[in-house]
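# Make a model of this:
(2 chains)
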Amino acid sequence: MRDIDLEDLLLKKDKRAIAKAITMAENGDEKVYEIIKNLYNKAGKAYVIGITGPPGVGKSTLTNEIAKFLLKDNYSVGILAVDPTSFFSGGAILGDRVRMSDIALNKNVYMRSMGTRGKLGGLAKATRAAIHILDIVGMNYIIVETSGVGQSEIDIVKTSDTNVMVLSPGMGDDIQAIKSGIMEIGDIFVVNKSDREGADKTAAEINFMLDLNDKSDWRPPVLEVSALYGKGCSTLLSKIMEHRYYLEKTGGLEERRLKNLRWEVLEILMDNFMKALNEKISQESIKELINAEYAGLTNPYMIAEGIYKNLKGGFK
Amino acid sequence: MKRPIRVLVAKPGLDGHDRGAKVIARAFKDAGMEVIYTGLRQTPEQIVEAAIQEDVDVIALSILSGAHNTLFPKIMNLLKDRGVEEIMVIAGGIIPDEDIPFLKSLGIKEIFTPGTPTSKAVEYIMKNVKVQ
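Reported below is the predicted structural model:
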């Protein structure tokens, strides 16, 4: 597909074109950024919902249920499901389509699985580019399902408009609930698999944590849901909408998107600097600096200091 | 950096056993591929749609039900209809030797019958899929 065809096809919501563009982003093909730049005036309309939480709590099933409700209301939905890439082989099993096969043929759905490819934080490096692409083609909602997060993978909160934190019963005592990390990033909390024992207790512990927080106008609701049996999913969707209206009404959405933009720009810049730094450091002069001036020194601070002084003003 | 090969592992039709599909998915993963597994009981339409949206290089079909002579032609036709016949299709499972020439005439590149070590399928993909 030629670049110009790709742009044209993207505007026609061609799913092959969407797929090719996301592949380019995943593979670091810079041409895709030109395409996004050219078409960016179409972006900004999609609403991004993050679905995050530990492995096995039912994020995919929940994503499927939310998508079904949105489709019923005639919205188009883009789904990005991130799963971990093997540190050892570089391969990945991307298995989230298994729970979504009943919506896969809907013409208003585009669903893509992504491997993390070495990126920490719960998202893939290309996830944000994929969001822009789905936004440009006019998806009303974009649901981003993170790779099963542990305790500090919170990149989704720098990416989403509304973030749904999914947990399930029996995940630890109440000290877990007051720790930092993923427990702090929910706009909405879901205790999924609420048909199982202990759901009330888990919900109570989350509520306890939330009651300790400073009073902000939005107190995250805690919902007991059983996604597999479709219980509580419509309440979840109405809470998502409520959060959206709250953000829009208070100006919080604009503020949040500006913050997210700042994170994204920072990340792009860090990427560029890292590349430049790697190039610089591999240059002979820097090698000499390490070898000659700092040979025999086992102190990393001094070596780094010397290189930093040498580099300062050298990013051109 | 070389990009990973993307493979869709799909089970068309009505059989309920996916142990083999999971074993082969794991072998592909361990060989450094990104494997999109779609689960049991997929229709030809679902398989082709998933292959397009996931932009895969290879579709690996696993079938034990004996319906390969009906389902595989449907899949191959759909790929042509949607203009994505460049995606390589391979298959494995319980497929009698006498059916293989017909299936290959549809454009299915290779068929792996029971007893084939997973490494054969891995090697085949590595040799025949060129990634830039």
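# can we go C-alpha only for contacts and neighbour counts from here?
Fine.
# who touches stretch A:109-116?
A:15, A:19, A:76-85, A:92, A:94-97, A:103-104, A:122-125, A:127, A:147, B:34, B:36, B:53-54 (CA atoms under 8 Å, 6 or more residues apart in numbering or on different chains).
# what about the chain, any weak spots by pLDDT?
No chain in the question, so chain A it is. Within chain A, the stretches with pLDDT under 70 are A:1-3, A:282-298, A:312-316.
# I was after chain B.
B:1, B:132.
# Pull up the residues of it that are close to chain A.
Within chain B, the positions near chain A by CA under 8 Å from any CA of the partner chain are B:3-4, B:25-26, B:28-40, B:45-46, B:49-50, B:52-55.
# Quick check: residues of the stretch 51-200 of chain A near chain B?
Residues of the stretch 51-200 of chain A lying near chain B (CA under 8 Å from any CA): A:86, A:89-98, A:101, A:104-105, A:110-113, A:115.
# What residue in chain B comes nearest to chain A?
Using CA to the nearest CA, B:Gly32 is the residue of chain B that sits closest to chain A, at 3.7 Å.
# what's the closest non-adjacent residue to that residue?
Distances taken as CA to CA, 6 or more residues apart in numbering or on different chains put A:Gly91 closest to B:Gly32, at 3.7 Å, once the chain neighbours are dropped.
# Tell me who's in contact with that neighbour.
Contacts of A:Gly91 (CA under 8 Å, 6+ apart): A:Thr85, B:Pro4, B:Phe28, B:Lys29, B:Asp30, B:Ala31, B:Gly32, B:Met33, B:Glu34, B:Val35.
# Check B:Ile125 too.
The contact partners of B:Ile125, taken as CA under 8 Å, 6+ apart, are B:Val58.
# again, but for A:Thr162
A:Val48, A:Ile49, A:Gly50, A:Asp187, A:Ile188, A:Ile240, A:His243, A:Arg244.
# One more: A:Asn64?
A:Arg99, A:Met100, A:Ile103.
# Helix, strand or coil: sort out it for me.
With DSSP: H, G, I helix; E, B strand; the rest coil as the basis, the three-state label of A:Asn64 is helix.
# and B:Ala60, how far is that from A:Ala19?
19 Å (CA to CA, to the nearest Å).
# what about B:Ala91, how many neighbours?
By the criterion of other CA atoms under 10 Å in any protein chain shown, B:Ala91 has 24 neighbours.
# if I've got this straight, it is in a strand?
Yes - under three-state DSSP, B:Ala91 sits within a strand.
# Go ahead and confirm it touches B:Ile108.
Yes - counting by CA atoms under 8 Å, B:Ile108 is a contact partner of B:Ala91 at 7.4 Å.
# buried stuff in stretch A:107-127?
A:108-117, A:120-127 (16 or more other CA atoms under 10 Å in any protein chain shown).
# Mind exporting the C-alpha coordinates of that stretch to CSV?
Extracted C-alpha coordinates of stretch A:107-127, given in CSV (Å, rounded to 0.1, in the frame of the first residue of the first chain):
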residue,chain,number,x,y,z
LYS,A,107,-18.6,-3.5,11.2
ASN,A,108,-18.3,-0.8,13.8
VAL,A,109,-15.5,-2.6,15.7
TYR,A,110,-11.8,-2.7,15.0
MET,A,111,-9.9,-4.9,17.5
ARG,A,112,-6.1,-5.2,17.7
SER,A,113,-3.8,-7.2,19.9
MET,A,114,-0.4,-5.7,20.8
GLY,A,115,2.6,-7.3,22.4
THR,A,116,4.4,-5.0,24.9
ARG,A,117,7.7,-5.6,23.0
GLY,A,118,9.9,-4.7,25.9
LYS,A,119,8.0,-1.7,27.1
LEU,A,120,7.2,-1.6,30.8
GLY,A,121,4.2,0.2,32.2
GLY,A,122,1.4,-2.0,30.9
LEU,A,123,1.1,-0.6,27.4
ALA,A,124,3.0,-1.1,24.2
LYS,A,125,5.2,1.6,22.8
ALA,A,126,2.9,1.9,19.8
THR,A,127,-0.3,2.0,21.8
